[in-house]
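1. Pasting the sequence and the predicted model now:
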Amino acid sequence: MYPMVKTGQNVSKIRLDKFLCLCGIESRSKSRRLIQSGKVKVNDKIVKDPGFRVNPIVDQVFLYGKKLRLQKNFYYKFFKPVGYVTSLKDPKHRVITEFFPEDLPGRNEIFPVGRLDLDAEGLLILTNDGLLAHRILHPKWKLPKVYELIIKYPLTLEQKQLIENGVELSDGKTLPCKITCLNPNCTELRIEVFEGRYHLLKRLFKKVGNQTLHIKRIAIGCVKLGDLKPGEIKPLSEDEVLSLKKALKLL
């Protein structure tokens, strides 16, 4: 992120296409296209040169007539594929950063909120907002996380009730959760949990004598996986960010 200072006189100028990225435009290439098509004004003049340099303190930049502001925090959703670890670096396995475009705004600042195992897939939130990340993960805030599962054996009513009421694990009793069967013999499930623990779902079903064969996270609070494709990363909408912050008492 570009460092802010108190005066406009000593600030180094930056390229216009980079400025757009720091305001939340998805990529440098998209920023260039917007500039070259005449959609961007600097102060009162249309500028079509992506390399035009602006002073982020003094100059006013407009996109489609709307003033842009430097973005302090970045928020993305990402579809983690199976076979990748939820890590920025790993000496043994392929990592999720392989999918991040080089010109992704905030690429070197964002980190995954929570984890999905190597053999799991689905929704990850990526951000550099440490407080938001902490509250998403902390059970105190009871932010729901929704998963679709395939399990080895049909889920019995007794197993379902045990898990939904909370079971005793080595690190304490789990919070109540909700399970919905998605097929007649209850081997395909949707489960809504309100905490994040290491291997939580695998441990839950193992505790009651069953086994998870596939895990896919489809929602974290108001943020849905939706039609995101494996390996795709997309900025959260303003509504998604606001809804998350409201749910976590950050607004």
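-> Done, it's in. Numbers count the residues shown, from 1 in each chain.
2. pretty sure residue 20 belongs to a strand, no?
-> No: under DSSP: H, G, I helix; E, B strand; the rest coil, residue 20 falls outside any strand and is assigned helix.
3. per-residue pLDDT, it?
-> What the model reports as pLDDT for residue 20 is 88.
4. again with residue 29
-> 85.
5. pLDDT score for the closest residue to it other than its chain neighbours?
-> Excluding its sequence neighbours, the residue lying closest to residue 29 (Cβ to Cβ, 6 or more residues apart in numbering) is residue 103, at 6.7 Å. Using the backbone N, CA and C atoms, a C-beta is placed for each residue, glycine as well. On pLDDT, residue 103 comes in at 84.
6. what about the strands in the stretch 51-200 of the chain?
-> 53-54, 61-63, 66-67, 75-80, 111-113, 121-127, 145-151, 168-169, 172-173, 178-181, 188-193 (DSSP state E, counting those that start in this stretch).
7. Export the ones you listed as JSON lines, with columns for mean neighbour count and distance to residue 158.
-> Converted to JSON lines, those look like this (neighbours: other Cβ atoms under 10 Å; distance: least, Cβ to Cβ, whole Å):
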{"stretch": "strand 53-54", "mean neighbour count": "17", "distance to residue 158": "65"}
{"stretch": "strand 61-63", "mean neighbour count": "17", "distance to residue 158": "58"}
{"stretch": "strand 66-67", "mean neighbour count": "9", "distance to residue 158": "57"}
{"stretch": "strand 75-80", "mean neighbour count": "23", "distance to residue 158": "33"}
{"stretch": "strand 111-113", "mean neighbour count": "18", "distance to residue 158": "34"}
{"stretch": "strand 121-127", "mean neighbour count": "23", "distance to residue 158": "28"}
{"stretch": "strand 145-151", "mean neighbour count": "20", "distance to residue 158": "14"}
{"stretch": "strand 168-169", "mean neighbour count": "12", "distance to residue 158": "16"}
{"stretch": "strand 172-173", "mean neighbour count": "10", "distance to residue 158": "18"}
{"stretch": "strand 178-181", "mean neighbour count": "15", "distance to residue 158": "12"}
{"stretch": "strand 188-193", "mean neighbour count": "19", "distance to residue 158": "15"}
